[in-house]
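Student: pasting the sequence and the predicted coordinates here, then a few questions.
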Amino acid sequence: MFQEETFGKESVPEPFDRLGALLDMPEVDTWPEYREKFMSLWGRAPGQERWQLKDVTLPPEKHKQVMAVLEEFRLIKPWRPQHETYDYGVLPGATLTSMKARLEWLAQLWKEGIRFSKLIVLTGQRPLTPSIDHFPEIMTTIAPDSGVNFNDPKIQPMHETEAARLLLAFFPLPKGMDKVPVVYIDSPRQWRGNNWERSHTGDTVDEWLKHNPKPGKTLVVSNQPSAHYQEAVFLKELPSSFDVEMTTPALASDIPLSVLLDAVSVWIRTTGDKPPKL
């Protein structure tokens with residue numbers, strides 16, 4: 001009876017099974033069951049943002065073991081580029097804090113000799129959240145001698161795209177990178193379930209494709225722990241003629257466990273009914 005019910009269904013890979021045990025998840029027999037249970041326990045509700053997640057607190061030893069599994073998932077360490085030249089460098093939108101970290105990583109790679117012919121900034125009309133985006137503080141940090149009062153209401157951006165434009169305008173880009181053409185893809189908010197929602201990564205990629213970009217070697221910069229999720233989206237949304245590669249700095253030390261577990265949830269939701277490749 002059991003064999004007939006589970007025949008042809010993917011089993012739960014050992015590292016995921018171990019993570020579930022550490023998190024005291026109910027035991028399940030198949031990957032689809034595990035996936036649904038994990039998403040229901042650790043993933044965001046519709047419309048919820050990462051910074052709205054409740055804290056997840058574990059005993060120190062168990063927390064250490066969970067982090068070890070997440071490191072096996074490649075959610076902790078940096079992903080370095082495998083090539084030296086690319087047709088596109090792609091900077092996906094995010095909170096201004098995350099976009100700054102991504103731009104810093106891309107600038108560091110440029111200093112190390114990584115090159116791309118065009119920078120694509122995939123942003124959207126997400127209204128900024130002052131307590132999360134920290135626009136005046138971040139801009140003052142990167143451009144302390146600009147003479148601009150970033151606290152002035154007339155300068156405050158309304159949404160993510162405007163913030164990204166100012167970030168690129170004032171960021172001290174390394175020599176050569178400051179000459180790379182920049183294309184901003186401004187994605188509108190989406191009407192979903194009787195609500196206006198911000199554009200997600202897939203929406204911004206689809207918006208870019210409306211501009212008919214020429215296929216090429218594409219280096220996408222992300223942050224840990226979102227690299228797996230964004231890689232899955234870009235591989236799904238871009239035609240196979242685009243050679244997609246992800247790069248990301250190491251996980252920041254202040255990222256809470258709730259965000260890490262949500263990242264796993266988003267990753268396995270995006271990859272579908274089969275376990276992601278580790």
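Tutor: Noted; the coordinates are in hand. Numbers count the residues shown, from 1 in each chain.

Student: tell me if V244 really is in a helix.
Tutor: No: with DSSP: H, G, I helix; E, B strand; the rest coil as the criterion, V244 is strand rather than part of a helix.

Student: any idea how far I185 is from it?
Tutor: Using CB to CB, to the nearest Å, V244 is found at 16 Å from I185. All C-beta atoms are positioned from the backbone trio N, CA, C, and that covers glycine.

Student: between those two, point out the one with more neighbours.
Tutor: I185 (24 against 19; other CB atoms under 10 Å).

Student: next SSE after the host helix or strand of that one?
Tutor: Per DSSP states H and E: I185 is located in strand 182-187. Using DSSP H and E, the helix or strand that directly follows strand 182-187 along the chain is strand 190-192.

Student: any idea how far that next one is from the chain center?
Tutor: Distance of strand 190-192 from the chain centroid (CA atoms, centre = their mean, to the nearest Å) equals 20 Å.

Student: please apply the same query to stretch 182-202.
Tutor: The answer for stretch 182-202 is 15 Å, by CA atoms, centre = their mean.

Student: who touches it?
Tutor: 46-47, 92-93, 118-126, 160-161, 164-165, 168, 203-204, 207-208, 211, 229-230, 233-234, 236-237 (CB atoms under 8 Å, 6 or more residues apart in numbering).

Student: mind giving me the ChimeraX command for buried ones among these?
Tutor: To isolate the buried members of the contacts of stretch 182-202 in ChimeraX, using 16 or more other CB atoms under 10 Å:
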select :92,93,118,119,120,121,122,123,124,125,126,160,161,164,165,168,203,204,207,208,229,230,233,234,237
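
Student: can I see the domain layout of the protein?
Tutor: Domain ranges of the chain: 1-76+253-278, 85-250, per automatic domain parsing.

Student: for the chain, which element, helix or strand, carries the lowest mean pLDDT?
Tutor: Ranking every helix and strand in the chain by mean pLDDT, DSSP states H and E puts helix 2-6 at the bottom, with a mean of 38.

Student: centroid-nearest residue for this structure?
Tutor: S226 (3.7 Å; CA atoms, centre = their mean).

Student: contacting residues for that one?
Tutor: With CB under 8 Å, 6+ apart, S226 has these contacts: T248, A263, V266.

Student: re earlier: how about the strand holding I185: buried residues?
Tutor: Those would be V182, Y184, I185, D186, S187, for strand 182-187 by 16+ other CB under 10 Å.

Student: so which of the residues you listed would you say is closest to V69?
Tutor: S187 (34.0 Å; CB to CB).

Student: quick one: R50 and D262 touch, right?
Tutor: Yes: counting by CB atoms under 8 Å, D262 is a contact partner of R50 at 6.2 Å.

Student: which one's more surrounded, the two?
Tutor: D262 (23 against 18).

Student: any idea which helix or strand carries the more buried one?
Tutor: helix 257-271.

Student: from the contact counts, what lies against that helix?
Tutor: Judged by 3 or more CB pairs under 8 Å, 6 or more residues apart in numbering; DSSP states H and E, helix 257-271 is in contact with helix 31-42, helix 60-72, helix 227-237.

Student: what's in contact with the shortest one?
Tutor: When contacts are taken as CB under 8 Å, 6+ apart, the neighbours of helix 227-237 outside the stretch itself are 73-75, 79, 90, 92, 201-202, 205-206, 209, 218, 220, 222, 242, 244, 246, 248, 263, 266-267, 270-271, 276.

Student: ditto for the first one
Tutor: Contacting residues not belonging to helix 31-42 are listed as 9-13, 16-17, 20, 23, 25-26, 28, 56, 258, 261-262, 264-265, 268-269, 273-275 [CB under 8 Å, 6+ apart].

Student: P32 - how many residues pack around it?
Tutor: 16.

Student: that one and V182, how far apart?
Tutor: Counting by CB to CB, the gap from P32 to V182 is 42 Å.

Student: and what of L168?
Tutor: For L168 relative to V182 (CB to CB), the value is 6 Å.

Student: what of L58?
Tutor: 42 Å.

Student: how about the nearest residue to F116, chain neighbours excluded?
Tutor: G89 (3.6 Å; CB to CB, 6 or more residues apart in numbering).
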